[in-house]
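>>> Make a model of this:
(chains A and B)
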Number of protein chains: 2
Amino acid sequence: MLSLRILSLGTYLPQRIVDNAAMLASFPELSEQDLERIGVRSRHEAGEDEDVPAMAVRASRTALERANISAEALDFLLLVNWSERRYVPDIAPRVQQLLGARRAFAFDLGCACAGFIYALSVAQGYLQNPRFKRGLIVASDYSRRRVRPGSRASLLFGDAAAAAVVGSNVAGGFRLVDYELGTDGSHSGLMDVDADNYLVTHARQREVNELAVASLIRAGKNLLARQQLSFADVDYIVPHSGTAGIQGMLAEALSIPREKILTNLPLVGNVTAASIPTALDHFLQIGTLRPRQRVLVLAVGVGWQFVAGLIEL
Amino acid sequence: MLSLRILSLGTYLPQRIVDNAAMLASFPELSEQDLERIGVRSRHEAGEDEDVPAMAVRASRTALERANISAEALDFLLLVNWSERRYVPDIAPRVQQLLGARRAFAFDLGCACAGFIYALSVAQGYLQNPRFKRGLIVASDYSRRRVRPGSRASLLFGDAAAAAVVGSNVAGGFRLVDYELGTDGSHSGLMDVDADNYLVTHARQREVNELAVASLIRAGKNLLARQQLSFADVDYIVPHSGTAGIQGMLAEALSIPREKILTNLPLVGNVTAASIPTALDHFLQIGTLRPRQRVLVLAVGVGWQFVAGLIEL
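Alright, predicted model coming up:
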């Protein structure tokens, strides 16, 4: 099987920043320590002109520029999103048009926070077909529209888009060594949306955290075992942003130092489907991630989904 | 690249049948000739206990029995649907659980009426991975819930689910020789849903029909040219159900006899994502489709999507 290579990444963060000072003004009952515990210092919030397709296009343009390829060269475009959804039409064709990716077929994937890794697996499948050389995966979520204003969830979630140009049979970029996909529909009732389309959780936070950590470890273990590797063999773990609680529990459960878990949660909040590509992009840009490192990306998603990817930089 | 083989098909049609006599009672202004022109004689309508996952499970069980494999043997499950959609969770994990496909990863695909062919292409990608041997594609739509009661559209649409067990490196079944996928987001505004989530079309029916026919032909031509074949070389064309008008225009544009276009539109109405697999299943069961025939499946979908698949029986 041909490897998928991530040739470039690109991020778009909305203009408006909601920092903790602003949050404290809205939540007089909370202290700075409370916010510290949640683990998010600022979040970006999409404005009127920053809908899901617009954010997707901006992240995609950055990724295309960095890969030095034109939108017309794309064979396919996968849009990952949970926070905007209608019966018809899908969002991907609109992004295809706005971007000018006129040769690309384009469709949507959901899978909530696990969507980016699912999209990598679908893209790798298409890249086995000699007709398809280059694709674009773009995750774009304005999850703040899906949390009730004034709720604790509004402290956690941020809006963002991130894109990855992928290809096979090329030099450069980062190789997807392997992926692991898992679904357990017995937890499909864990979270959904209420009549106002705001996210609701039907379990205690502690139970959700425990399921999330067990699921992340299960996905990672399955992948690493197949590659005859252990968690000690990877340089960094990049989990989907989730919560600071889940990340702390993950480090503890794996007996690894907290610094091995790279997260941009404090900077942007939980940016759901966009969290893994925005984090990879950020830590590559600031030089934490460097050539020849092994990075394990892990995500869980409402559904219930648990997925992993091993990337060689 | 390994071929995908469709090992079996299975259909589920809701219990309740709405025939033209019932329709004439509800539409006193219409004559039998009007209904004849629409081309649908009866449609099935999903009841309370026939939601999208329930219909999907019933169609899937039939397909699994016919392929003589258990749900536990499935490596993946792709649910195709446009008519039921929430922000979270996706529907596929619920079907995975109800079916007992506990090893399978599972996710949703949209693409409206083009979804089944998209799912075949995604499944073929996964089957290139030696870890995955068997998958299930299931299309399940209750489109009658998405048309305004009493509207002309209620004459056209029917509810149905259809499943296909797919695999590679196996004998038996039918081979997917090639597929073609196309998207043109410049038509993304053609159809959507109104505030009541009922389907609306923002163009004249004649324009939609012309775009549909041109798109079906474009997808088919692209595929056939790559295989060095012409429309004359295929035994049958199975288009997604669409409308009788589109099917008539397609036969005329291709200068082929109307009998080469196989459709179950009169029996079940436009069953959207389920239309190609229900039609294949029907015409295999009644013996019209036979070994060694070449069948070209064609679909367009809101988005705008235009897709084709060539199947060797």
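>>> tell me the pLDDT at A:Glu32?
On pLDDT, A:Glu32 comes in at 85.
>>> Correct me if wrong: it contacts A:Asn20.
Yes - with contact defined as C-beta atoms under 8 Å, A:Glu32 and A:Asn20 form a contacting pair (7.0 Å). Quick note: C-beta positions are derived from backbone N, CA and C, even for glycine.
>>> quick one: the helices in the stretch 101-250 of chain A?
A:115-127, A:153-156, A:205-226, A:244-254 (DSSP state H, counting those that start in this stretch).
>>> If you count neighbours, what's buried in the last one?
What that stands for is helix A:244-254. Within helix A:244-254, the residues scored as buried using 16 or more other C-beta atoms under 10 Å in any protein chain shown are A:244-247, A:249-251, A:254.
>>> Buried by neighbour count: which residues of the helix or strand that that helix is followed by qualify?
As assigned by DSSP states H and E, the chain's next helix or strand after helix A:244-254 is helix A:265-268. Neighbour counts over helix A:265-268 (16+ other C-beta under 10 Å) mark A:265, A:267-268 as buried.
>>> who does helix A:265-268 touch, helix- and strand-wise?
Packing contacts for helix A:265-268, counted by 3 or more C-beta pairs under 8 Å, 6 or more residues apart in numbering or on different chains; DSSP states H and E, involve strand A:42-45, helix A:275-285.
>>> Other residues contacting it?
A:13, A:39-44, A:158, A:160, A:241-244, A:247, A:275, A:278, A:282 (C-beta atoms under 8 Å, 6 or more residues apart in numbering or on different chains).
>>> Contact residues of the stretch 1-150 of chain A facing chain B?
With C-beta under 8 Å from any C-beta of the partner chain as the criterion, the stretch 1-150 of chain A meets chain B at residues A:1, A:76-77, A:82-83, A:85-90, A:92-98, A:102, A:104-112, A:118, A:121-122, A:124-126, A:128-130, A:146.
>>> Could I have the buried ones of these as PyMOL selection syntax?
A single PyMOL command is used to select the members of the residues of the stretch 1-150 of chain A next to chain B judged buried by 16+ other C-beta under 10 Å:
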select buried, chain A and resi 76+77+82+83+85+87+88+89+90+92+93+94+95+96+97+98+104+105+106+107+108+109+110+111+112+118+121+122+124+125+126+128+129+146
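>>> Show me the strands in chain A, by range?
A:4-12, A:16-19, A:42-45, A:76-80, A:105-109, A:134-142, A:159-167, A:174-183, A:191-193, A:199-201, A:236-239, A:294-301, A:305-312 (DSSP state E).
>>> nearest to B:Trp304, of those?
Nearest to B:Trp304, of all these, is strand A:105-109, at 10.2 Å by C-beta to C-beta.
>>> Can you list the neighbours in contact with that closest one?
So strand A:105-109 is contacted by A:75-81, A:90-93, A:95-96, A:115, A:118-119, A:122, B:107, B:109-111, B:118, B:181-183, B:185, B:303, B:305 (C-beta under 8 Å, 6+ apart).
>>> Residue of the stretch 51-200 of chain A closest to chain B, please.
A:Gly125 (1.8 Å; C-beta to the nearest C-beta).
>>> which residues touch that residue?
Contacts of A:Gly125 (C-beta under 8 Å, 6+ apart): B:122, B:124-126, B:128-129.
>>> So which of those residues is the closest to chain A?
B:Gly125 (1.8 Å).
>>> how close does that closest one sit to A:Ile261?
31 Å (C-beta to C-beta, to the nearest Å).
>>> Over to A:Arg43?
From A:Arg43 to A:Ile261 the distance is 20 Å (C-beta to C-beta).
>>> Which one's more surrounded, those two?
Neighbours were counted for A:Arg43 and for A:Ile261 using other C-beta atoms under 10 Å in any protein chain shown; A:Arg43 has more, 29 against 19.
>>> what sits opposite that one in the beta ladder?
A:Val18 (DSSP bridges).
>>> Including pLDDT, could the buried residues of helix A:265-268 go into CSV?
Formatted as CSV, the buried residues of helix A:265-268 follow (pLDDT from 0 to 100):
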residue, pLDDT
A:Leu265, 95
A:Leu267, 95
A:Val268, 97
